[in-house]
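# Would you be able to build a 3D model of this:
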Amino acid sequence: MPHLDPGPRHAPALTILEHFDLAAMGHNSADYVHTVIEALKLAYADREAYYGDPDFANVPLARLLSRDYAAERARLIDPRRASLELRPGGYPPIRSYARAADVDAALARAAGDGSRHGDTTKLDIIDAEGNAVSITTSGGWLHSSPVIPGLGFPLGTRGQMFSLQPGHPNALAPGKRPRSTLTPTLALKAGRPCIVFGSPGGDCQDQWALQFLLNHVLLGLGLQEAVEAPTFWSAHVPISFYPRTCVPGQLHAESRIDQRVLADLEARGHSVIREAAFAGGNTLACKRELDSSGDVLLSAAASPRLEPAAALGY
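Reported below is the predicted structural model:
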């Protein structure tokens, strides 16, 4: 895989995927989708077990990002069977729980379907000098942030992401930041910003951003092609929003993915939900690169899935 450093949020899944020849599998083939989803399940399971505010919790990032650990995790992926348990490293498997109606409703709110509705806001900028900004702003949804009686202002949406389990790295505490789904990303090349990208979409953000990065860097799709390519996402791991439900083995896929691929995935044990042609993956991206003569080239791309979205260059 060409070397880019996208930062720790995507790195656990990427490091696991280094143990597989995704390019040889073919973009969005059954083997490709299965392997990416299974790697994401393992990375998200570790998120459930280990992630929290590092000012309050000892998050073992060095181990979670190590190649030795990734090799251990990669060996857990069965190429012919979908996993139906949560498998954080160092813990026995945990049988997932499910309230499918709640999860489907939450995912419908997170995924773009072409209708007008509120969502997280995304902004990515890069200039000719290599100055780069990636911003994902969210947390003021009044419909899910009730106003405190007598005070007149709402609770922050992100507060619901705290765990109420004593001793958990993400347990509620004064002055503590909750674990977040927000994933603004700067990818570096030779130590300098190269690609700036990200997507709205709750717990789908890491999944869609990872697919974009693989599409562009590994598979060579152009920036706009990589943004528009058909996406898929898992509801296997408990979502970060109330009521924290999940559906073991459930896989959502845009209908532009070959139906024979989806049937193959079902045969491996995935519970496939066929979504609209442009239902997910609201990724924005911009890039700085040098052409053969050393001149700077700037490019940008915006997903057509969620309006309004725009890519500008000047």
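
# For residue 47, pull up the helix or strand it's in.
Taking DSSP states H and E as the definition, one finds residue 47 inside helix 30-50.

# Next up, the contacts around the closest residue to residue 221 other than its chain neighbours.
Of all residues not flanking residue 221 in the chain, residue 215 sits nearest, at 4.5 Å (CB to CB, 6 or more residues apart in numbering). Placement of C-beta: from N, CA and C, glycine included. Counting by CB atoms under 8 Å, 6 or more residues apart in numbering, residue 215 makes contact with 27, 221, 225, 226, 229.

# Report all helices and strands that the helix holding residue 47 contacts.
helix 11-17, helix 22-25, helix 67-74, strand 85-86, helix 205-213, strand 232-234, strand 250-254, helix 259-267 (3 or more CB pairs under 8 Å, 6 or more residues apart in numbering; DSSP states H and E).

# can you redo those as a markdown table with mean neighbour count and mean pLDDT?
Below are the helices and strands packed on helix 30-50 laid out as a markdown table (neighbours: other CB atoms under 10 Å; pLDDT from 0 to 100):
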| stretch | mean neighbour count | mean pLDDT |
| --- | --- | --- |
| helix 11-17 | 23 | 94 |
| helix 22-25 | 14 | 98 |
| helix 67-74 | 16 | 96 |
| strand 85-86 | 19 | 93 |
| helix 205-213 | 25 | 95 |
| strand 232-234 | 26 | 97 |
| strand 250-254 | 23 | 97 |
| helix 259-267 | 15 | 98 |
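
# Dump those into a markdown table; add distance to residue 312 as well.
Shown next, in a markdown table, are the helices and strands packed on helix 30-50 (distance: least, CB to CB, whole Å):
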| stretch | distance to residue 312 |
| --- | --- |
| helix 11-17 | 29 |
| helix 22-25 | 32 |
| helix 67-74 | 37 |
| strand 85-86 | 42 |
| helix 205-213 | 19 |
| strand 232-234 | 28 |
| strand 250-254 | 26 |
| helix 259-267 | 35 |
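
# So which of those is nearest residue 136?
With CB to CB as the criterion, residue 136 lies closest to helix 205-213 of the helices and strands packed on helix 30-50, at 7.5 Å.

# returning to that earlier point: dihedrals phi and psi, the residue nearest to residue 221?
phi -60, psi -40 (degrees, to the nearest 10).

# Please apply the same query to residue 291.
Dihedral angles (degrees, to the nearest 10) for residue 291: phi -80, psi -180.

# Which SSE is immediately downstream of the helix holding residue 47?
Toward the C-terminal end, the helix or strand that comes next after helix 30-50 (DSSP H and E) is helix 61-64.

# Average pLDDT for that next one, rounded please.
Mean pLDDT, helix 61-64: 93.

# In that helix, which residues are buried?
By 16 or more other CB atoms under 10 Å, the buried positions in helix 61-64 come out as residue 64.

# now stretch 182-197
Along stretch 182-197, these residues count as buried under the neighbour rule (16+ other CB under 10 Å): 182, 183, 184, 185, 186, 187, 189, 193, 194, 195, 196, 197.

# which stretches of this protein aren't confidently modelled?
1-10, 95-119, 140-146, 155 (pLDDT under 70).

# To what extent is the nearest residue to residue 250 once chain neighbours are set aside buried, counted in neighbours?
Excluding its sequence neighbours, the residue lying closest to residue 250 (CB to CB, 6+ apart) is residue 235, at 4.2 Å. Residues within reach of residue 235, counting by other CB atoms under 10 Å, total 25.
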